[in-house]
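Participant: Okay, sequence plus prediction incoming.
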Amino acid sequence: MAPLSRRFFASFAVVAMLAATAGTAAADPDPKTILAPSGKLRAGLYPGTPTSYLAGKDGAAPRGVGYELGKAMAEKLGVPYEPVVFAKNAEVLEAVKTGAVDVAFTNASVARAKVMDFAPAYLDIELGYLVRPGSPVTSLDNVDAAGVKVGVTTGSSSEAALSRDLKAAEVVRAETVAIAAEMLTAGKLDAFATNKATLFEMSEKVPGSKVLDGRWGMERHAVAIPKGRDAGLPFVRAFTAEVKQNGLVAGAVERAGLRGAQVSEMK
């Protein structure tokens, strides 16, 4: 082979090797740059529920499944953790949609999947009702009756479902879980609907209240990330499988005092 030809093929081989290397890099992006583009992981949380965030008392560290999973995810990525606590879940969801936060831990509903991407579920939670003392609602069978006021939080998946499914009862919106508890106490609501983890937490703030037996649905909580960052989904899926298998989800559930929930089955 002539020297010129050898140089041509050598150059061609180098170009091909660089192209292959570039292709591999493009196919395998660094999850850190995709999922935490600001250099820190901003986790959207909201207070008053053990599924998300419970402030620590007397200097104790915060609790909550979402809070703990966000911290573990930041550690796995190797970036600082920045929990961002909003007043209500609707604000968390909006922050995910706009990219104001990098991750959230919430019910993976069909409607939400249109505006954010989800990993497989890590937690299954029954949906139920909390009733005030003296409420006309005594079981799931007599919730949907004329004159019954059923509370939901504004922008929640419970609002969407019950506004459609309840035909006779009045659906009353409350901005936050804390406000809903006050409305129950004042007799402005006969029942409040959401996941049972939140209901049991609320019951401690509404004397004489009761979480009804049975369920009207299920929530499947999962890690959510903003649309456009789907290249980071393999990392999020692997993280979800790991924290279910290594006991972190179960431990966070126990530390938060979360009731009415179980770790999702491995898939």
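Facilitator: Received the coordinates, thanks.

Participant: Only C-alpha atoms from now on, for both contacts and neighbour counts.
Facilitator: Will do.

Participant: average pLDDT across stretch 64-76?
Facilitator: Averaged across stretch 64-76, the pLDDT comes to 97.

Participant: Other residues contacting that stretch?
Facilitator: Stretch 64-76 has contacts (Cα atoms under 8 Å, 6 or more residues apart in numbering) with 40-41, 43, 45, 49-54, 80-81, 83, 103-105, 239, 248-249, 252-253, 255-256.

Participant: Off-centre distance for it?
Facilitator: 12 Å (Cα atoms, centre = their mean, to the nearest Å).

Participant: tell me which residues in that stretch are buried?
Facilitator: Gly64, Val65, Gly66, Tyr67, Glu68, Leu69, Gly70, Lys71, Ala72, Met73, Ala74 (16 or more other Cα atoms under 10 Å).

Participant: Give me the next element, helix or strand, following the host helix or strand of Ala74.
Facilitator: In this assignment (DSSP states H and E), Ala74 forms part of helix 65-77. Using DSSP H and E, the next helix or strand after helix 65-77 towards the C-terminus is strand 81-85.

Participant: List the neighbouring strands of that following strand plus their orientation.
Facilitator: strand 41-45 (parallel) (DSSP bridges).

Participant: What residues are bridge-paired with Ala193?
Facilitator: Bridge pairing for Ala193 (DSSP bridges) gives the partners Tyr129.

Participant: scratch that, Ala174
Facilitator: Judged by DSSP bridges, the bridge partners of Ala174 are Thr153.

Participant: Sort out for me which of the contacts of stretch 64-76 are in helices.
Facilitator: Counting by DSSP state H, the part of these found in helices is Phe239, Leu248, Val249, Ala252, Val253, Arg255, Ala256.

Participant: List buried residues within the contacts of stretch 64-76.
Facilitator: Using 16+ other Cα under 10 Å as the burial test, the contacts of stretch 64-76 include 40-41, 43, 45, 49-54, 81, 83, 103-105, 239, 248-249, 252-253, 256 as buried.

Participant: ok, Val148 touching Glu170?
Facilitator: Yes: in this structure Val148 lies within contact range of Glu170 using Cα atoms under 8 Å: 6.1 Å.

Participant: Tell me where the stretch 101-250 of the chain has helices.
Facilitator: For the stretch 101-250 of the chain, helices defined by DSSP state H, counting those that start in this stretch occupy the ranges 110-113, 157-165, 177-185, 196-203, 233-245, 248-256.

Participant: Distance to Ala60 for those helices - can I get that in TSV?
Facilitator: Converted to TSV, the helices of the stretch 101-250 of the chain look like this (distance: least, Cα to Cα, whole Å):
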stretch	distance to Ala60
helix 110-113	33
helix 157-165	31
helix 177-185	21
helix 196-203	18
helix 233-245	23
helix 248-256	12
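
Participant: Would you convert those into JSON lines that also reports mean pLDDT?
Facilitator: Shown next, in JSON lines, are these (pLDDT from 0 to 100):
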{"stretch": "helix 110-113", "mean pLDDT": "92"}
{"stretch": "helix 157-165", "mean pLDDT": "93"}
{"stretch": "helix 177-185", "mean pLDDT": "94"}
{"stretch": "helix 196-203", "mean pLDDT": "90"}
{"stretch": "helix 233-245", "mean pLDDT": "98"}
{"stretch": "helix 248-256", "mean pLDDT": "95"}
